[in-house]
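Q: compute the structure for the input listed below.
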Amino acid sequence: MNQKVTVSGVDTYNLPVISVKKMDELFKKKLQGDMAARETIVNGNLRLVLSVLKQFKNRGENIDDLFQIGCIGLLKAVDNFNPNLGVRFSTYAVPMIMGEIRRYLRDNNTIRVSRSVRRIAHKALQKRENLAKELGREPTMKEIAAALELPEEEIVFALDANYEPMSLNEPVFSDNQDPIFIEEQVRDNETDESWLQKILLKQALDKLSSREKEILSKRFFSGKTQVEVAKEIGISQAQVSRLEKVALDFIKSYIR
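A: Sure thing, here's the model as predicted:
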């Protein structure tokens, strides 16, 4: 389809693509102060912003505004990326772009959360991460509250208030075919069917390999990124991604 699609004045159909090798060369020049190389990196990665925008398409927000906010995240990623860490730029940039857009949506949300509450939530999240490393497990709310010398109820309230409201039309899973939406998973009470789903889920998890279980546990219960999981268990991020997808596909097909 030779159709021009313009977002914020940018022709997204003809955006350039930069190879990994070329990116390495450009970052070396950029670190030496070459601003033209910096601009080339930014223009060559605008597709990353577009890919992130797909996750916010049903929010009723102006796509041009979100694109510009995403570009701010991209610029921050370009300026802070260290090519010597052995991580692909896209792996580093996507979370920063997404974080920038989420902050924009949160700050412009009709449901306002005070700065003091957001500050407590931020401290609690940092403390939870530090305690998890020290204890070798996920800390309890009581332990986090004690470490911050704050009431447990205040910590729980701050963390709950800091979560962005989600639309019932938000997709929670997709296998490149029919997506599953939140509204399809919401129930007002327990039914025989929901109990059956739990039993089937437990059976499916039991059939996974120990490595697949470990990856799912670290990814979805400990909240770790694929890069963090890869470092912890000694395999590549690509292998983690593949094993995670295989495990999720198996669970979905088993429950069906």
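
Q: which residues in the stretch 1-150 of the chain form helices?
A: Under the criterion DSSP state H, counting those that start in this stretch, helices of the stretch 1-150 of the chain are mapped to 20-31, 35-43, 46-53, 63-80, 89-107, 115-135, 141-148.

Q: which secondary structure elements does the first one contact?
A: For helix 20-31, the packing partners by 3 or more CB pairs under 8 Å, 6 or more residues apart in numbering; DSSP states H and E come out as helix 35-43. Just so you know, the C-beta spots here come from the backbone N, C-alpha and C atoms, and that holds for glycine as well.

Q: residues in contact with the helix it packs on?
A: The contact list for helix 35-43 (CB atoms under 8 Å, 6 or more residues apart in numbering) reads 15-16, 18, 23, 26-27, 29-30, 71, 74-75, 78-79, 89.

Q: how about that helix: buried residues?
A: 37, 38, 40, 41, 42 (16 or more other CB atoms under 10 Å).

Q: picking that back up, please pick the buried ones from the contacts of helix 35-43.
A: Buried subset of the contacts of helix 35-43 (neighbour count, 16+ other CB under 10 Å): 18, 23, 26, 27, 30, 71, 74, 75, 78, 89.

Q: now the second one. Nearest residue, chain neighbours left out?
A: It refers to residue 23. residue 89 (5.9 Å; CB to CB, 6 or more residues apart in numbering).

Q: who's in contact with the one you found?
A: By CB under 8 Å, 6+ apart, the contact list for residue 89 reads 23, 27, 41, 45, 77, 81, 83.

Q: so which of the helices of the stretch 1-150 of the chain is the most packed in?
A: Across the helices of the stretch 1-150 of the chain, averaging neighbours per residue (mean count of other CB atoms under 10 Å) puts helix 46-53 on top, at a mean of 20.
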